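A.B. asks: next comes the sequence, and after it the predicted model I'd like to discuss.
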Amino acid sequence: MSSTALTQVRSLVSPRRLTEFFAPRSIAVVGASDTSGWARYVFAAAAATRFSGPLVPVHPAHETVFGRPAVPSLRDLAAPVDLAFIMAPAQAVECVLDDAAAAGVRGAIVLASGYAESGQEGRALEQRLSDRAAAHGITLLGPNCLGFLNAHACAGPFALTVPLPLLPGPVGIALQSGALASVVLAFARSHAIGVSTLVTLGNEAMITAADVIEYLVEDESTRVICLFLEEISDPVRFAAAARQADLAGKPIVAIKVGSSPAGQQAALAHTGAVAGDDAVVDTALRRWNVIRVRGIEEMLCTAALLGYARRPRGRRMGVLTSSGGACDIIADRASAEGIEIPPFDPATVTAIAPYVPPFARVANPLDVTGYFLANRRTSALTAIDHALDAAVSDPGLDFVLFAGPALPDTRPPEHRLADLIDERIGWLGERVAAAPIPVICVNSTCVDVTEYGRSLLTHRGLHPLAGLDLGLRAIGNALRWHEGRGRARATAARPAATATTAAATAATIRDLVRTAPGAGPWPETKARELLAALGLPMVPAELVTSADAAVEAASRLGFPVALKICSAQIPHKSQAGGVALGLATADQVRTGYQAVRAAAEPVAGASIDGVLVAPMRTGGIELLAGVTVDPAFGPVLAVGLGGIWVEVLADVSLRLLPVDVAEVARMLGELRGAPLLRGTDLDALARVITEIGDAAVLLDGQLRASGSALHSLEVNPLRVGADQIEALDILIVTPSRTESR
């Protein structure tokens, strides 16, 4: 796409333009008929959202649709409409766009499938569709799309069932799945979670997930953004949008599917998306401070907490329940989320004690017991309410988890009891709003909120979370988001040239790239030349082609030595028997040389450059510092315990490149094996690993300039001693020309 065309498309999906698009005042439904189930859904959704503007059916063969006067084409409209919902078959959509442009329509939703999800021809058809819309100045949602709902603007061009009532609220939602929208709306309705705008994205020919994030960031009605993602097709734009959300204090909660082989295949069949490596996706989302969740329930429960409640800013939690068993569940889940439950302050204990039975122990977590349930209720406030009144002033707590706002399913027939409940909920709403620290209300189980509960609780600003398990997970998610704030904005690319990549060094690397193999592993001598050009520390080594030369090299380097075969076709030397270690005499070196050469000879197609002789290193810690280039996210740095422990322990921390020294230090701290590094120079180690990442980024850039790319650059092991850091084994792999495209 040319820069002019790109600029035109960007203007059509800007937050200002999407604000207009997602709040249409008039809608035409093209292809609507009395027998169309899709049209029936759209007209029902208009009623569900209380849409009051013109809703015009368009059909060449029908004078009326659902009792409304129809027009033959968009060109026959009496006045332009803001939005056309196009239900025509794929082959007719472009003509309808021409009609829309002639009629002054500025927005369109395309329902039809048969585009990019169906293969190469469909992708070409979709590109034509997007180009046509852009040329007409029409903002396009879809194709293969079921529309959207905007509860605050009372607009719903949406071709699915809308569970009633539809509550306007703080949760914006974008889905790369159409049919899942009704499921999401049903759970939101059942738990009194209000929606701002819900968008089904379809194939994202023009409006993408990143565009909707940017729109929701600027939407005053949205406090939190939920995403269902099958792919992240443009990580750069997505990252930029996520940083905007982080800056605005609007958390993003995302389900990213495709983490299993079966899930990846499902994503491919459904949208034409190829899911990337899931660990890399997880790393990317963490870097952008996007909360990744496992399912719809966790997503919406987390969104409800972040959208309605005051957000917790610390991990010290007070717990108030009327059940000892609930205390146990909460304590276990809190431990799993890294949430502390400290003892109450003595003043808090003293304040609570008069309101609980003598046999009850005033402690955190608190069980006020069900003792008072056996007595007739005479006052509005209960024991747990008085406990809340005291706990919110405890200086040792950051927030309170309150499992107290339980209600009957319907309003009690006894007026006195109903009035007491009304009075109590009114007091709770005021106390929670005025409390010095956040109060997070939670139901004991994931039960639906009844109409009575919804009317009573939501009007008082109370939104209990959906059960203890989901509630604690939501709190853990909220805390991680709060602790990650600001980092998403600190991910701008570092300069391509650093102190280790001066012009002369870059020229050396260009020379290496010109003489490197076209595809597959590099000879280790070439890989060593690259790291040497960048000034990275390596164990000394000499390449020899005879046993006598090996002995001479060993004498210069110092016994004992290690020998390893040098061949691009034998990247895993130990497995092929191409390594000999701890050779302490000339005779052992001669024997070792013959052994590693003999082991390499049977390897079919192997071109043997010789044998590398290096001084034997023992002791210290062996790490892996490697970079792989993900097809979607680019270079990814992996740091972990090296040698044989990589596969055994899988103790690895990942980051998207580039990173700085501070970020690498955090990576090292995340390893389960981090205690093994005590006593080493961690600052020096972080600098070396950072430079390895820089080397990979630079090499990938040079390779791409020559029409290739980097597949991986790996130092394994990177030996870390008390006063020395050295690369012992280096592997660089470039993909075939087809893979690098």
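C.D. replies: Structure received.
A.B. asks: pLDDT below threshold where in this structure?
C.D. replies: Across the chain, residues meeting the criterion (pLDDT under 70) sit at 1-5, 259-276, 370-377, 489-506, 517-518, 604, 643-649, 736-741.
A.B. asks: now with 50, please.
C.D. replies: 262-276, 490-501, 738-741 (pLDDT under 50).
A.B. asks: in it, where's the longest helix?
C.D. replies: Longest among the helix segments of the chain by residue count, using DSSP state H, is helix 682-705.
A.B. asks: buried ones in that helix?
C.D. replies: Buried residues in helix 682-705, defined by neighbour count with 16 or more other C-beta atoms under 10 Å: 682, 685-703. C-beta here means a position set from N, CA and C on the backbone, and glycine is covered the same way.
A.B. asks: residue 242: neighbouring residues, count only.
C.D. replies: If you count neighbours by other C-beta atoms under 10 Å, residue 242 ends up with 28.
A.B. asks: please read the previous query as pertaining to residue 253.
C.D. replies: If you count neighbours by other C-beta under 10 Å, residue 253 ends up with 27.
A.B. asks: can you give me the distance of it to residue 553?
C.D. replies: In this view, residue 253 and residue 553 are 59 Å apart by C-beta to C-beta, to the nearest Å.
A.B. asks: same question for residue 607.
C.D. replies: For residue 607, the distance to residue 553 - C-beta to C-beta - is 21 Å.
A.B. asks: so residue 303 touches residue 171, yeah?
C.D. replies: Yes. In this structure residue 303 lies within contact range of residue 171 using C-beta atoms under 8 Å: 4.7 Å.
A.B. asks: what's the overlap in contacts for the two?
C.D. replies: Counting by C-beta atoms under 8 Å, 6 or more residues apart in numbering, the residues touching both residue 303 and residue 171 are 193, 224, 226.
A.B. asks: next, the residue lying closest to the first one once chain neighbours are set aside: secondary structure please.
C.D. replies: By that I understand residue 193. Leaving aside its sequence neighbours, residue 193 sits nearest to residue 304 (C-beta to C-beta, 6 or more residues apart in numbering; 4.8 Å). When classified by DSSP: H, G, I helix; E, B strand; the rest coil, residue 304 comes out as helix.
A.B. asks: what about residue 304, neighbour count?
C.D. replies: Using other C-beta under 10 Å as the criterion, residue 304 is surrounded by 26 other residues.
A.B. asks: repeat for residue 128
C.D. replies: Using other C-beta under 10 Å: residue 128 sits among 14 other residues.
A.B. asks: got the contact list for it?
C.D. replies: Shown in contact with residue 128 (C-beta under 8 Å, 6+ apart): residue 94.
A.B. asks: check the gap between it and residue 184 for me.
C.D. replies: Distance from residue 128 to residue 184, by C-beta to C-beta: 32 Å.
A.B. asks: check residue 613 too.
C.D. replies: In this view, residue 613 and residue 184 are 63 Å apart by C-beta to C-beta.
A.B. asks: more neighbours: these two, which one.
C.D. replies: Set residue 613 next to residue 184 and count neighbours by other C-beta under 10 Å: residue 613 wins out with 27 against 23.
A.B. asks: now for the more buried one: which residues touch it?
C.D. replies: Applying C-beta under 8 Å, 6+ apart, the residues contacting residue 613 are 541, 542, 543, 544, 550, 553, 554, 557, 561, 562, 563, 589.
A.B. asks: what count of nearby residues applies to the nearest residue to it once chain neighbours are set aside?
C.D. replies: Counting by C-beta to C-beta, 6+ apart, residue 613 lies nearest to residue 553, which is 4.1 Å off, once chain neighbours are set aside. Neighbours of residue 553 under the rule other C-beta under 10 Å: 22.
A.B. asks: need the contact list for residue 553.
C.D. replies: Residue 553 sits next to 542, 544, 561, 613 when contact means C-beta under 8 Å, 6+ apart.
A.B. asks: repeat the analysis, applying 10 Å as the threshold.
C.D. replies: 540-544, 561, 563, 589, 611-615 (C-beta atoms under 10 Å, 6 or more residues apart in numbering).
A.B. asks: quick one, helices of the stretch 101-250 of the chain?
C.D. replies: According to DSSP state H, counting those that start in this stretch, the stretch 101-250 of the chain carries its helices in the segments 120-136, 180-190, 209-218, 235-248.
A.B. asks: show me what counts as buried in the third one.
C.D. replies: Yep, that's helix 209-218 we're talking about. Of all the residues in helix 209-218, those buried under the rule 16+ other C-beta under 10 Å are 209, 210, 211, 212, 213, 214, 215, 216, 217.
A.B. asks: cool, thanks, talk later.
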